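Chemist: Sequence first, predicted model second:
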Amino acid sequence: MNLTLVALALAAAGCFALALVLTQFGLRTLPPLTGACVSVPATMLMFLALAPLTVELADWRTTSAATFAIAGVFFPAAVTLLTFTANRAIGPALTGALGNLTPLFAVAIAVLWLGELPRAGQLAAIAAICAGLFVLLGGSRPPGALPAVSLLALGLPLLAALIRGLVQPLVKVGLTTWPNPFAAVTIGYVVSALVILGFGLLRGAVPRPGIERTGTIWFTSVGLANGLAVLCLYGALARGPVTVVAPLVATYPLFTLVLNRVLRGDRTADRRTILGVVVTVAGIALLLAS
């Protein structure tokens, strides 16, 4: 097992979790779409500022650049919009639970498209990780408390999970001919920022002068954390198979539990939470061992 790959994948999970926790602070003062119109462009500006040091134009590959741009249309732009809509329609618990199908979609697409055939131990590990994550998020409230939702509403987080699962093999294809994660994330974020800002203009959610400064600071921090997460994710994909990277990155709910406890003082942990943690950690250990 490539230790750098593992470190990058787990770092991506940790940064995704940090972004989720910071988002809770930002949402106290700004609505979700306005926050997205702050966070994604802020991340784009950061990577554009670093581009002269991280992206060598002499290595430019048009096909790879186009692949990264296509990925940027969907992630994080479309995924962000779908997740916000799903949260509003069915709530964060069910949205998060269905979102845990991402590694299954990613692995299935990698098998069909890239020919990455996981071994039996890897398949068992992936199943254990997904089961543990379902226990963690899907069991966050009793079944009777779930809202009555339509199939269309349930389809929103499933589509978001499918897109996240598709983007990972897609970016891996681009990285085969231009193995520069910085180029991938920079191009992707430029496109994502344009998509988010365009949607924000249509909905009247683009930030204006005089916008609440505290919320702007929080969502800028969210964007930087997400940007580092995507960079680490792409760095891991450049070093190893999707069938290993996707399940490791999907463990971000574990980091979220820890960060919620440290940053927000959330000390709620019942037996279901402990069971979810144990099963997920066991799945990670099995994945690394296999």
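Modeler: In hand now; what should we look at? Owing to the predicted nature of the structure, the values given are computational and were not obtained by experimental measurement. Residues are numbered from 1 along each chain as shown.

Chemist: What's the local residue count around Val21?
Modeler: Around Val21 there are 21 other residues, counting by other CB atoms under 10 Å. Any C-beta I mention is one placed from the backbone N, CA and C, and that applies to glycine too.

Chemist: Tell me the secondary structure at it.
Modeler: With DSSP: H, G, I helix; E, B strand; the rest coil as the basis, Val21 sits in helix.

Chemist: could you pull out the helices for the chain?
Modeler: With DSSP state H as the criterion, the chain has helices at 3-26, 32-54, 62-72, 79-90, 92-99, 102-109, 120-133, 151-177, 181-203, 213-237, 242-249, 252-264, 271-289.

Chemist: what's the average pLDDT for the third one?
Modeler: For helix 62-72, the mean per-residue pLDDT is 97.

Chemist: go on, the fourth one?
Modeler: Per-region confidence: helix 79-90 scores 76 on mean pLDDT.

Chemist: pLDDT weak spots in the stretch 51-200 of the chain?
Modeler: The model of the stretch 51-200 of the chain has pLDDT under 70 over residues 87-88, 90-97, 136-151.

Chemist: before we move on, the earlier item: please identify the deepest-packed of the helices of the chain.
Modeler: Mean neighbour count (mean count of other CB atoms under 10 Å) peaks for helix 242-249 among these, with a mean of 27.

Chemist: Contacts for that helix, please.
Modeler: Applying CB atoms under 8 Å, 6 or more residues apart in numbering, the contact partners of helix 242-249 are 1, 5-6, 9-10, 12-13, 16, 102-103, 106-107, 109-111, 114, 116, 118, 122, 125-126, 129-130, 165, 168-169, 172, 233, 236-237, 283-284, 287.

Chemist: What's the separation between Met46 and Asn2?
Modeler: Distance, Met46 to Asn2, by CB to CB, to the nearest Å: 27 Å.

Chemist: How about Glu212?
Modeler: Noted for Glu212: a distance of 44 Å to Asn2, by CB to CB.

Chemist: just Arg261 next, same as before
Modeler: As judged by CB to CB, Arg261 and Asn2 stand 30 Å apart.

Chemist: and Ala238, what pLDDT?
Modeler: 93.

Chemist: Enumerate every residue touching the nearest residue to Ala183 once chain neighbours are set aside.
Modeler: Leaving aside its sequence neighbours, Ala183 sits nearest to Val55 (CB to CB, 6 or more residues apart in numbering; 4.8 Å). Contacts here follow CB under 8 Å, 6+ apart; on that basis Val55 touches 180, 182-183, 186.

Chemist: any idea which of those residues is closest to Leu81?
Modeler: Thr186 (21.1 Å; CB to CB).

Chemist: Confirm for me that the closest one is in contact with Met46.
Modeler: No - in this structure Thr186 lies outside contact range of Met46 using CB atoms under 8 Å: 9.4 Å.

Chemist: So Thr43 is in contact with Phe219, correct?
Modeler: No - assessed by CB under 8 Å, Thr43 is found out of contact with Phe219, at 10.3 Å.

Chemist: Farthest pair within the contacts of Val55?
Modeler: Farthest-apart pair in these is Asn180 and Thr186; separation 9.1 Å (CB to CB).
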